[in-house]
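S.K.: next input, structure requested:
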Amino acid sequence: MHIDEIRTVLHPALFVIQSKEITELRPAQSKAINAGLLKGKNILVCTPTASGKTLIAELAMLEAVLSGKGKAIYIAPLKALASEKYKAFSKKYSTVAKVALSIGELDSADSYLECYDLIMCTAEKLDSLLRHHCPWLSSVRVVVVDEIHLLNDPERGPTLEILMTLLRMLLPKMQLIGLSATIGNPEELASWMQATLVTDSWRPVTLEKGIYFEGELEFV
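M.R.: Modelled structure (predicted):
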């Protein structure tokens, strides 16, 4: 799908930013758009690493923000990843949206977040914000869960599952987007999320399997 094909459904400012960097959308991105990504539909993306999952999230988040629908939250599994996304999104979107990072003290309501559009945080931090009954949470329109397969993690999974359940109850109009390269039961998870499943095997570099033995590599 050529970027021009979505010109009419993207906010003009968002189209300008994206068209400076890309001309062709990757397969998973095209599938997500066709599945209703820009229409507020819940989407579960299960595709290989570097297949373009982050851009899928960006399109939904920025479209909601720029169209005045509400805020967007990006849930990262680690503080380091949340910081990395904060830097990347700030560099790319600071001219059109206010980007914030919230990964600090869990016993803080971070009231300043009311003034921001895109918020990067961990599941534990967002859980804390919910417990503080932050009033601005009612204006959240899009929630992205990166590495959503961590729902199966014995330590962090329960917090993430409860968090997602609470968000769906508190924000009935919220668009929920899950991203992962490794989900063992994608159909079941998509059903639980009430989401459309987007899968694709395309990757920028072909993955080959082989056996290395005594100095020789034989591909299979």
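S.K.: for residue 72, give the beta-bridge partners.
M.R.: Assessed by DSSP bridges, residue 72 has beta-bridge partners residue 118, residue 142.
S.K.: how many neighbours does it have?
M.R.: 28 (other CB atoms under 10 Å). Any C-beta I mention is one placed from the backbone N, CA and C, and that applies to glycine too.
S.K.: residue 183 now?
M.R.: If we define neighbours as other CB under 10 Å, then residue 183 has 21 of them.
S.K.: so what's it up against?
M.R.: Residue 183 is in contact with 44, 46, 148, 149, 189, counting by CB atoms under 8 Å, 6 or more residues apart in numbering.
S.K.: over to residue 143?
M.R.: Going by CB under 8 Å, 6+ apart, residue 143 touches 72, 73, 75, 167, 171, 174, 175, 176, 177.
S.K.: ok, residue 147 next?
M.R.: 76, 77, 179, 180 are the contacts of residue 147 under CB under 8 Å, 6+ apart.
S.K.: give me the nearest residue to the second one, chain neighbours excluded.
M.R.: This means residue 77. In space, and not counting its chain neighbours, residue 77 is closest to residue 147: 4.5 Å by CB to CB, 6 or more residues apart in numbering.
S.K.: still on that earlier bit, nearest to residue 83 among the contacts of residue 147?
M.R.: residue 76 (8.5 Å; CB to CB).
S.K.: measure that closest one to residue 179 for me?
M.R.: 10 Å (CB to CB, to the nearest Å).
S.K.: quickly list what's touching both of the two.
M.R.: In contact with both residue 76 and residue 179: 146, 147, using CB under 8 Å, 6+ apart.
S.K.: which stretches in the chain count as helices?
M.R.: For the chain, the helices defined by DSSP state H occupy 12-19, 27-34, 53-66, 79-93, 123-131, 157-170, 186-193.
S.K.: quick check: buried residues in the first one?
M.R.: With burial defined by 16 or more other CB atoms under 10 Å, the residues of helix 12-19 counted as buried are 14, 15, 17, 18.
S.K.: cool, the longest one as well?
M.R.: Buried residues in helix 79-93, defined by neighbour count with 16+ other CB under 10 Å: 79, 81, 82, 85, 86, 89, 90, 92, 93.
S.K.: who's in contact with the spatially most central residue of the chain?
M.R.: Geometric centre of the chain, nearest residue: residue 144, 3.5 Å, by CA atoms, centre = their mean. Contact partners of residue 144, counting by CB under 8 Å, 6+ apart, are 57, 60, 61, 72, 73, 74, 75, 177, 178, 179.
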